[in-house]
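Asks: Here's a sequence, model it:
(one chain, ligands or ions: 1)
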Amino acid sequence: MLMTKQRRPAIRTLPGWAINVLKEAGAIRECEEHGWMQDRADPHAREWAFDIARRDLPEGVSREAAEAAVRDVLDSIGDICPECPPDEEDRR
Ligand SMILES: [Zn+2]
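Replies: Numbering: from 1, shown residues only. Below is the predicted model:
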């Protein structure tokens, strides 16, 4: 098969990169059961995420674009997993 085996870019998409940065900083976490990202609403972790984002810019991406991507991800992520029953979260 001639599916071109392209060099896999380290980061496939800017939002994917932003999610990684936020995960690394602990600003978001993944629901263990359902895999949804959840915003941990931790201002320090967010700041750290922006720090990482600025230091670890993907190739060809401006600092502004990188910061915007991180912000976009934060905006699009809720603070609860949409599939977890709310009372189950409370029991922990
Ligand atoms: Zn869940």
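Asks: Tell me who's in contact with the residue nearest the centre of the chain.
Replies: The residue lying closest to the centre of the chain (CA atoms, centre = their mean) is Ile19, at 1.6 Å. Residues near Ile19 by CB atoms under 8 Å, 6 or more residues apart in numbering: 28, 37, 73. (Each C-beta comes from the backbone N, C-alpha and C, glycine too.)
Asks: export those to a markdown table and tack on neighbour count?
Replies: Listed next are the contacts of Ile19 as a markdown table, based on neighbours: other CB atoms under 10 Å:
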| residue | neighbour count |
| --- | --- |
| Ile28 | 25 |
| Met37 | 19 |
| Val73 | 23 |
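Asks: Tabulate these in a markdown table, adding columns for distance to Pro85 and secondary structure.
Replies: Listed next are the contacts of Ile19 as a markdown table, based on distance: CB to CB, whole Å; DSSP: H, G, I helix; E, B strand; the rest coil:
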| residue | distance to Pro85 | secondary structure |
| --- | --- | --- |
| Ile28 | 20 | strand |
| Met37 | 18 | strand |
| Val73 | 25 | helix |
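Asks: Doesn't the residue nearest to the centre of the chain belong to a strand?
Replies: No - assignment of Ile19 by DSSP: H, G, I helix; E, B strand; the rest coil gives helix, placing it outside any strand.
Asks: pLDDT wise, what is it at?
Replies: Reading off the confidence values, Ile19 has pLDDT 95.
Asks: Which positions in the protein make contact with the ion?
Replies: Proximity of the chain to the ion (CB under 5 Å from the ion) is limited to residues 31, 33-34, 81, 83-84.
Asks: now with 6 Å?
Replies: Among all residues of the chain, those adjacent to the ion (criterion: CB under 6 Å from the ion) are 31, 33-34, 36, 81, 83-84.
Asks: Now, of those residues, which are buried?
Replies: Among the residues of the chain next to the ion, those scoring as buried are 36, 81 (criterion: 16 or more other CB atoms under 10 Å).
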